[in-house]
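Undergrad: Below are the sequence and a predicted model for it; my questions follow.
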Amino acid sequence: MEANNGCVRKDLWYLKVVKHLLFLIFSILFAIQMSDVISKFVDKKTFWTSEEKRVHNLGFPGFTICSRQKFKNTSFSWITREDFYSIVFKPEDFFHPETIAQFNNESFDLDLKESLSLYFGLCYTVSR
């Protein structure tokens, strides 16, 4: 067997070609990616920007009221759509009857709407 003496063996020349070819391909891919990064940097698309707007009249915030339990009675195995409203909490369970009457009044500026929460069940949202 012949000594190597630091020279590449003639039967492994294709490995050196493959190694240089992969290096060239990965260098080209790196250059493409870096050109995209540099163009975003120059266009300032990589920075966090914020904008402040002065608002003189803020709208009334809406708020949602839910009970801790989804249902009043949980001792059921099967319910129909009609039975659903008999076991969920109603606005009367949260508000005084005079308050509910004000929500129904057209001149009152607040609306009471049903909203559904998967965690809390049927809730009520008060908004303007």
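TA: Yes, it's here.
Undergrad: Number of residues surrounding residue 105?
TA: Neighbour count for residue 105, taken as other C-beta atoms under 10 Å: 10. Just so you know, the C-beta spots here come from the backbone N, C-alpha and C atoms, and that holds for glycine as well.
Undergrad: quick one: it from residue 118, how far?
TA: Counting by C-beta to C-beta, to the nearest Å, the gap from residue 105 to residue 118 is 32 Å.
Undergrad: Quick one: the strands in the protein, in order.
TA: 63-65, 111-117, 121-127 (DSSP state E).
Undergrad: I'd like to know which helix or strand in the chain has the lowest mean pLDDT.
TA: None of the helices or strands of the chain scores lower by mean pLDDT, DSSP states H and E than helix 81-87, at a mean of 71.
Undergrad: how about that helix: buried residues?
TA: Within helix 81-87, the residues that qualify as buried are residue 87, counting by 16 or more other C-beta atoms under 10 Å.
Undergrad: What of stretch 39-47?
TA: Of the residues in stretch 39-47, none is buried (16+ other C-beta under 10 Å).
Undergrad: pLDDT (mean, whole number) over it?
TA: Mean pLDDT, stretch 39-47: 76.
Undergrad: ok so, going back, quick one: which of the strands of the chain is nearest residue 28?
TA: strand 111-117 (52.8 Å; C-beta to C-beta).
Undergrad: Please enumerate residues in contact with the closest one?
TA: Outside strand 111-117, the residues that touch it by C-beta atoms under 8 Å, 6 or more residues apart in numbering are 64, 66, 91, 100, 103, 122, 123, 124, 125, 126, 127, 128.
Undergrad: Cool, thanks, signing off.
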